Structures are given as structure tokens and as C-alpha cells.
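Trainee: predicted structure and sequence below. I'll ask about it afterward.
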Amino acid sequence: MSEITVDVYRIDDFTKQDSVPLTGLLRSALEPLLGESLAGARFNLVFLPVPDLGVLDGHPPLINLRSSHGYLNVRVVLGGLLVYQHPHSVREVVARPLQRLLAARGADGRTPGSRHQGSGDGGWGFGISGPGLDHISLVRPKPVLPGSVEISVGTRRRALFHVEELPEPEPRVTTMAELGVPAWPDAIDPPLAVVLTAIVYDQLLSSMSFSDDLEEGGFFIGEVYRAEQGGMVILITEAVKAEQSGASMLHFTFTGESFLRLNDLIAHRSMGERLLGWYHTHLFPASDELGLSSIDVELHKGTFRQPWQVAGLVNIDRRSRLLRFYAEHAGQVVPVPFQVSTR
């Protein structure tokens, strides 16, 4: 691992400016999440051929020059014990801490007092280099000329039809007592609360079997209400394991087949239930800082778009499980409270 570095290039003339040890960047990204020092830790990385072609926002802007492999599976071994394993984007655990390091060296990425030249208007690029990475091409991005614009030429034809989404039925108002939970201590903020049956709670934390090697998950179904004190509340009545789901080294995914089977199940039951969201596992202990990963957030925001749909997260440790819920609010995916029904 000591031989793996992150090489920094000026984009305008594609000259190498610096090399930064990868371990330092990984420690900078992961130590705040895990809440402990990773000095002496061994990092095992598997780079995954999933493209990441975007520019990292912030200052200075950064581009991954080995963008064909934009994700990696991270395993951290400390003191002979596996303390962490999870997939991440390269921009999350490498580019972002590198960006902070470059910004600390000066407004244009220079080391104060060094002979390095600034990046000019072209920005910075980086490439991870070391044993086993030579087969991943280092690609210089297409230069953007000052004052240039892109013009798309084509014939626009009037659409023959269009599709409109039907509005969801308005949820009825309920009380917490009706749902079998004590009154919420304060106004619901963010404006969504989660109630789940004792059976579902026991399944997620005890009786439901999960893999120790791959992330697994499924769907939540149940009912949606408006809370008497304002906001919305959902009652999760069943956690359904996803059929034909995809679990890989990258992340847990849903297939079209899994959604079709779930829709058939809801229609067959004819109980007025709705798809309330999804759940999945993380195979490492929970911490206050480490909740949904960036990949999880992208899946939730891109797939579960109703304001009352939630993401459930089950952290699995060798000795215990921890359950948390998240929902989108004001453009961010944030934690939401939950209680267990007694009815």
C-alpha cells in the first residue's frame, strides 16, 4: 500500500506537479467516520469499472484522470481485525480529501514557497498510481476553449403523446394513539415520522437472516397518514425482501423484476398499502457520522421520490444490529425518528 500514490497534474499542459500518499487521503476520509485513528491500518482496495466523468465541485476543481474506474470497495484491517468494509466513490474518499489538501497549500493549489506553478484556468487532475493499476488508462480530458459553446443540431419533432403522473390520494389524518405509539414529544421535524409494527422491528433487528458477505435489502410497505400535530407519518406493516435483487461489490441494487413482484404482491393483498421505501444492510458497526453512503443517497433520491418514502439502514456487527431511518427533506437525505407500535 505504501507504493500507491495519487499523482496531481495541471490540466492545461498535463504536467505532473506532485505525488501524495494514498493512505493519508484514505485516513483523512475514513477516520472521522469511524471515530478512531487508523494509524498502522492496512487498506485493501478493489477498483471497480464504473465511470465517474464529472468534475468535483469546490476549490480547486478536480478531475479523475482514471475516470473509467470511479468506484472502489474499501476494506480496513486494524490490529488483525476487519473494522470496516464498504464501497465508495473515488471522489468521496480520495478526491475530496485531496481537494482539501490542495486548498490548504494555496488558493491555486501551490505549496506555499514551492517552485510549483499554479494550475491556471485549466484546473487540476489526479490519477491513482501503483502496482496493478497500469492497465487503467490515464486520460486527459478534452480542453475547453475560452468563449466556446456547444450547439446541438437536430430536428425537433412534436411528441405524439405524453405521460402524466397521477396524483397520490390524500392521506387521512391520524393520531399517534391510533397508531399505537406515545405522542411525539415535539412537532415532527423534519416533517416525517416513522412507526413500524413490533413484528417488523423484530425481523430487522433479530429474526430476518442477512448475508455476512454481501449487502442485502428489500422494500417497506404499509400506510401513509397526516399527523394531527402536522407533518406526515408512515406505518410500516411489512418488510419484504427484494426478489431478483442485485448485490455486488459496489452496492445493493434493485432490478425491474423486484419492483414488478412487489407491485403484484400489493395488488393481490388489496389492503390499500403503498410502497413506503426500502431498506438494506451495512456490514460494519454503526457510528453517528457514518449513515447512508453517497451511493445509497443517489439510489434513494433517484428511485424513491415521494416525500414520505424512507430508506432504512441496518448496520450489522458481530454482536448486534442497529436500525435507522432516513428521508429526503429540502434536497438533503436526513435522519428521521421512529417508534414501535404496540397495537
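Mentor: Good, I have the coordinates.

Trainee: show me what Leu78 is bridged to.
Mentor: Beta bridges link Leu78 to Leu81 when assigned by DSSP bridges.

Trainee: how about His329?
Mentor: Gln332.

Trainee: Asp296: neighbour count?
Mentor: For Asp296, the neighbour count with other CB atoms under 10 Å is 23. To be clear about C-beta, it is placed using only N, CA and C from the backbone, and glycine gets the same treatment.

Trainee: what about it, which SS state?
Mentor: helix (DSSP: H, G, I helix; E, B strand; the rest coil).

Trainee: per-residue confidence for it?
Mentor: For Asp296, the pLDDT comes out at 87.

Trainee: please apply the same query to Phe161.
Mentor: 65.

Trainee: over to Leu45?
Mentor: Value for Leu45, per-residue pLDDT: 92.

Trainee: scan the helices and strands of this protein for the one with the lowest mean pLDDT.
Mentor: Ranked by mean pLDDT, DSSP states H and E, the weakest helix or strand in the chain is strand 246-247, scoring a mean of 46.

Trainee: which residue, other than its chain neighbours, is closest to Ala183?
Mentor: Closest residue in space to Ala183, ignoring its immediate chain neighbours: Met176 at 5.0 Å, by CB to CB, 6 or more residues apart in numbering.

Trainee: so the one you found touches Gly231, yeah?
Mentor: No - contact between Met176 and Gly231 fails when scored by CB atoms under 8 Å: they sit 11.4 Å apart.

Trainee: tell me which of the two has more neighbours.
Mentor: Applying other CB under 10 Å to Met176 and Gly231 shows that Met176 carries more neighbours, namely 20 against 17.

Trainee: ranges for the helices of this structure?
Mentor: With DSSP state H applied, the chain shows helices at 22-34, 90, 96-104, 176-179, 198-202, 256-269, 294-303, listed in chain order.

Trainee: point out where the stretch 201-343 of the chain drops to low pLDDT.
Mentor: Residues of the stretch 201-343 of the chain meeting the criterion pLDDT under 70: 243-253, 255, 288-289.

Trainee: now with 90?
Mentor: 210-217, 227-231, 241-273, 282-299, 302-303, 316-320, 330-331, 343 (pLDDT under 90).

Trainee: separation between Asp13 and Ser270?
Mentor: 67 Å (CB to CB, to the nearest Å).

Trainee: and the helices of the chain, which is most packed in?
Mentor: Of all the helices of the chain, helix 90 has the most neighbours on average by mean count of other CB atoms under 10 Å, namely a mean of 24.

Trainee: residue contacts, the residue nearest the centre of the chain?
Mentor: Nearest residue to the geometric centre of the chain (CA atoms, centre = their mean): Ser294, 2.3 Å. For Ser294, the contacting residues are 88-89, 92, by CB atoms under 8 Å, 6 or more residues apart in numbering.

Trainee: so can I have JSON lines of these showing pLDDT?
Mentor: Listed next are these as JSON lines, based on pLDDT from 0 to 100:
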{"residue": "His88", "pLDDT": "84"}
{"residue": "Ser89", "pLDDT": "86"}
{"residue": "Glu92", "pLDDT": "89"}
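
Trainee: just to revisit the earlier point, compare Asp13 and Ser270 (neighbour count), which wins?
Mentor: A count of neighbours by other CB under 10 Å puts Asp13 above the other of Asp13 and Ser270, at 10 against 7.

Trainee: pLDDT value on the more buried one, please?
Mentor: 79.

Trainee: I figured Leu283 hits Leu313, correct?
Mentor: No - at 11.7 Å, Leu283 and Leu313 do not qualify as touching, with contact defined as CB under 8 Å.

Trainee: what about those two, which has more around it?
Mentor: Using other CB under 10 Å as the criterion, Leu283 and Leu313 rank with Leu313 on top: 24 against 19.

Trainee: any idea how far the more buried one lies from Phe210?
Mentor: 12 Å.

Trainee: need the residues touching each of these two.
Mentor: What both Leu313 and Phe210 touch, as defined by CB under 8 Å, 6+ apart, is the set Thr281.
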